[in-house]
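> Mind folding the following:
(one chain, ligands or ions: 1)
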Amino acid sequence: MTVSHPGAPPLTAALDCLFVTPGDDERERVAGRQVLGRVTYGQSGRPPLLHHGAPLVRISMAEPAAERITEVWTTDRPVRSGRAGDLVYAEDGEHFFCAVRIDEQGVYRDTVRAVYEAAFSLMWRLGYTELLRMWNLVGAITGPNAEGMENYRDFCVGRAEVFEAWADRIPGMPAATGIGALRPGIDLYFLACRTGRARHLENPRQTPAHRYPTQYGPKSPSFARATYLEPGAGARPVLYVSGTASIIGDDTVHLDDIERQCATTLANIEALIGAENLGGHGLPGGFRLTDLDCVKVYVRDAEHLPAVRARCAEAFRPGADIAYFNVDVCRPDLLVEIEGVCR
Ligand code: 3EB
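As a prediction, this is how the structure comes out:
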């Protein structure tokens, strides 16, 4: 048990994340905080709904034999939740969580644009004007759509069109994940906050994704490498790290070499979160790999899981929440992708 002293800063950030596995007691781990949203990475994929007053997203990301995890977003403030059309959302006065599922389509871009448009309109109307973090879980991500275009590229077109249309209101793109899921369709969920607290960061080792050349698709991916959330009074800063892979500049490096792709991915994260890069963005402090928590590791080939687990066990803090998924990555030559939260 932790004892808090009057006037002492809270031990957790106002917005927090943890992973709950089927053996855990969620109430004990959440410990009196309010739930802003839950995301279950399990076998089944279902449209999001409200469950005990909070959004519940269920994404098909785990093989039957694999462990199911639920990512739980918590806050120290009262939560209000609701539905708006297909969107399910929650807010705490400072932070906003929103989720929606797109069922399988021959071509995704128009629906992606419409769904993002509805989500941005809702967050804007409720006064949450800054994006913090987005997840896009795409079924058959490297497979072809009905026009023969890769589903990921098709998705990127719709997403880029929304960011273009909203550029005056939402000038920056946040940290994101774009990764494979085991069922057709696209699940997306995101976090936003009140104005003036988010800073989007790039990685000196990588070309900003929104400036990738067109060889990777007609519209480049709309995301930043990380988003820094300024601490509220008495809270700690948080850095949301995007899905990161073995990409230098815009090139995939170390084809067919899981050890080196893993090492490059970790080196990319180290450079992104370190004091030098934060300082270059005018931000204080800096993080190390051992500050990373709520880590998600995506591995394309099941045979590589043991090697990746071994490298991650060495790199990250013992006791950090880490989940592994055997899913496709958005380029066929990427074997591994890693994301997390520094605090
Ligand atoms: C990359 O660096 C790898 O489309 O939202 C990583 C994180 C990747 C987010 C996205 C894609 C996305 O390009 C892929």
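> Just the closest residue of this protein to the ligand, please.
residue 178 (2.6 Å; CB to the nearest ligand atom). (C-beta placed from N, C-alpha, C; glycine too.)
> got the contact list for residue 316?
Counting by CB atoms under 8 Å, 6 or more residues apart in numbering, residue 316 makes contact with 289, 290, 292, 295, 322, 340.
> before we move on, back to that, mind checking the SS state of the residue nearest to the residue of the chain closest to the ligand when sequence neighbours are not counted?
Leaving aside its sequence neighbours, residue 178 sits nearest to residue 136 (CB to CB, 6 or more residues apart in numbering; 4.7 Å). Using DSSP: H, G, I helix; E, B strand; the rest coil, the structure places residue 136 in strand.
> didn't residue 136 look like it was pressed against residue 179?
Yes - if you go by CB atoms under 8 Å, residue 136 and residue 179 touch, sitting 7.5 Å apart.
> More neighbours: those two, which one.
Neighbour count, other CB atoms under 10 Å: between residue 136 and residue 179, residue 136 has more, with 27 against 24.
> Enumerate the beta-bridge partners assigned to that one.
Bridge pairing for residue 136 (DSSP bridges) gives the partners residue 178, residue 188.
> What residues are bridge-paired with residue 295?
Here residue 295 sits in beta bridges with residue 322, going by DSSP bridges.
> Please verify my assumption that it contacts residue 325.
No - contact criterion CB under 8 Å: residue 295 and residue 325 do not qualify, at 11.3 Å.
> Now residue 112. Nearest residue, chain neighbours left out?
Residue nearest to residue 112 in three dimensions, not counting chain neighbours: residue 158, with 3.0 Å by CB to CB, 6+ apart.
> same for the helix or strand where the one you found lies, what does it pack against?
Secondary structure from DSSP states H and E places residue 158 in helix 151-165. If you count contacts as 3 or more CB pairs under 8 Å, 6 or more residues apart in numbering; DSSP states H and E, helix 151-165 packs onto helix 109-125, strand 130-139, strand 175-181.
> Break down the stretch 201-343 of the chain into its helices, ranges please.
For the stretch 201-343 of the chain, the helices defined by DSSP state H, counting those that start in this stretch occupy 258-273, 275-280, 305-315.
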